[in-house]
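Enquirer: Pasting the sequence and the predicted coordinates here, then a few questions.
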Amino acid sequence: MTYNGAIRWTSPSNIALIKYWGKHGRQLPRNPSISFTLSNCISDTSVHYDIDSAHDGLSVDFHFEDKPNTAFGSRIEKFLGSITDHLPWLDHCRLKISSRNSFPHSSGIASSASAMSALAMCLVDIQQSIDQSNEPNMMLASSLARLGSGSASRSTIPQIGQWGHCEIPGSSDLYAIPYADQVDPVFHHYHDDICIVSADEKSVSSSAGHGLMDKSVFAEQRYTQAGQRLITLTHAMKAGDLETFGALVEDEALTLHGLMLCSEPSFVLMEPNTISIIQAIRSYRRDTGIPVHFTLDAGPNIHMLYPDEYSAEITAWSQQVIKPLCHNGRIIKDHIGNGPKKLK
Ligand code: DP6
């Protein structure tokens, strides 16, 4: 059998509200998580494939932003080699993969969620042509994305993705599920302004960070807390209760950083301006009553979350107060989006 062709998908990054931090086995999360799928911060990935059952082995030629990239290329090759149980044709093919990000390379925005989910969509699309089925298998897409990078499992989901087994019906450790239809519509138009405090590479990779949890004395309490917070958060989101939502999301970000501060070794991932922005957001909220909240990834950049109706006021304020605290004044404006898209 031979199949060949080319396929192109874009897929966005996402920002976790309840954080996945700690994993085991084959990329299984220690606790459930939930995230907003973004819109503007995307990876755009093309795959040229040549599958021939007479040809033994997998060969991968990976280009990032039009240049060969051996570092990410070997991670991708390892990932593809690890999923031949799901996609046996990967043992008999040549792939040319070319990927680019919409967000600047050195913006400090993690790209593994968007990159791995875009690649997973391409792979599932190839599988769909082999099976001659009408729709891509989205559960498989999220599973494969997870095997590439845990948080990528949530990027295959429009608007709001929930990953990890919990009280929510249908939830699973293997893939993320859509959650947007169970929340108040205010969350369907939420903004995420990403305030770039530092564009440097992270000082600890996510994988190493997850590993730190294995030795943490707080591990068990943390996993229980994340599960409980997820349920409280989903109730608040259903009720449109922005105050409870915001308080939990901020506590989550600070818990993640707290765990890293007291891990062995310890990591301080915030910068002085991270703290200044947190304080500015809190005093603006106190003074105006406007529900703007922050969250953080495992890095120094602040994600400023707020409902659409306050967009004009918050933008005017943040240009004055937040922009000067950002690296080169950079704020990347994003919002909840509809997930992966197939391009011609
Ligand atoms: C802090 O998904 O990047 O962003 O599975 O090792 O690739 P790997 O880790 P990754 O971890 C993300 C950690 C986080 C929280 C989150 O997105 O839930």
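Expert: In hand now; what should we look at? Since we're looking at a predicted model, the values are computed, not measured.

Enquirer: Skip ahead from the host helix or strand of Leu144 and say which helix or strand is next.
Expert: Secondary structure assignment for Leu144, by DSSP states H and E: helix 138-148. Following helix 138-148 in sequence order, the next helix or strand is helix 152-155 (DSSP H and E).

Enquirer: what's the very next helix or strand once past that next one packed up against?
Expert: Sequence-wise, the next helix or strand downstream of helix 152-155 (DSSP H and E) is strand 160-163. Applying 3 or more Cβ pairs under 8 Å, 6 or more residues apart in numbering; DSSP states H and E, one finds that strand 160-163 contacts strand 33-52, helix 138-148, helix 152-155, strand 176-178. Placement of C-beta: from N, CA and C, glycine included.

Enquirer: The first one and the ligand, are they touching?
Expert: It stands for strand 33-52. Yes - for strand 33-52, a contact with the ligand is found by Cβ under 6 Å from any ligand atom, at Ser33.

Enquirer: Same question for the last one.
Expert: No - using Cβ under 6 Å from any ligand atom, no contact is recorded between strand 176-178 and the ligand, whose separation bottoms out at 10.6 Å.

Enquirer: on contacts alone, who are the packing partners of the next helix or strand along the chain from that strand?
Expert: Sequence-wise, the next helix or strand downstream of strand 176-178 (DSSP H and E) is strand 191-195. Counting contacts by 3+ Cβ pairs under 8 Å, 6+ apart, strand 191-195 is packed against strand 33-52, strand 302-306, helix 311-321, strand 331-335.

Enquirer: now do 6 Å
Expert: With contacts taken as 3 or more Cβ pairs under 6 Å, 6 or more residues apart in numbering; DSSP states H and E, strand 191-195 sits against strand 302-306, strand 331-335.

Enquirer: Does that strand reach the ligand?
Expert: No - no part of strand 191-195 sits near the ligand under the criterion Cβ under 6 Å from any ligand atom; the closest distance found is 13.0 Å.

Enquirer: tell me how far the helix or strand just after that strand is from the chain's mean position?
Expert: Next in sequence after strand 191-195, counting helices and strands by DSSP H and E, comes helix 206-214. For helix 206-214, the separation from the chain centroid amounts to 16 Å (computed by Cα atoms, centre = their mean, to the nearest Å).

Enquirer: now do stretch 155-174
Expert: 13 Å.

Enquirer: Now look at that stretch and say if it contacts the ligand.
Expert: No - Stretch 155-174 lies out of reach of the ligand by Cβ under 6 Å from any ligand atom, never closer than 8.1 Å.

Enquirer: outside of that stretch, which residues touch it?
Expert: Among residues not part of stretch 155-174, those counted as contacts by Cβ atoms under 6 Å, 6 or more residues apart in numbering are 11-12, 14, 28-29, 32-35, 37, 113, 117, 141-143, 145, 153-154, 176-180, 227, 230-231, 336, 338-340.

Enquirer: End to end on it, go ahead and measure it.
Expert: Distance across stretch 155-174, first residue to last, is 14 Å (Cα to Cα, to the nearest Å).

Enquirer: For this structure, what lies in contact range of the ligand?
Expert: So far as Cβ under 6 Å from any ligand atom goes, the chain lies against the ligand at 16, 19-21, 27, 33, 110, 112, 149-151, 206-207, 210, 256, 297-298.

Enquirer: Mind giving me the PyMOL command for buried ones among these?
Expert: Only the buried entries of the residues of the chain next to the ligand go into this PyMOL selection, using 16 or more other Cβ atoms under 10 Å:
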select buried, resi 16+19+20+21+27+33+110+112+149+150+151+206+210+256+297+298
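
Enquirer: returning to what we had before: tell me which of the helices and strands packed on strand 191-195 is the most buried.
Expert: Mean neighbours per residue, mean count of other Cβ atoms under 10 Å, is largest over the helices and strands packed on strand 191-195 for strand 302-306, with a mean of 25.

Enquirer: Name every strand pairing with that one and say which way it goes.
Expert: strand 191-195 (antiparallel), strand 293-296 (antiparallel) (DSSP bridges).

Enquirer: Report the mean per-residue pLDDT for the shortest one.
Expert: In this model, strand 293-296 has a mean pLDDT of 98.

Enquirer: what does the longest one give?
Expert: If you average the pLDDT over strand 191-195, you get 98.
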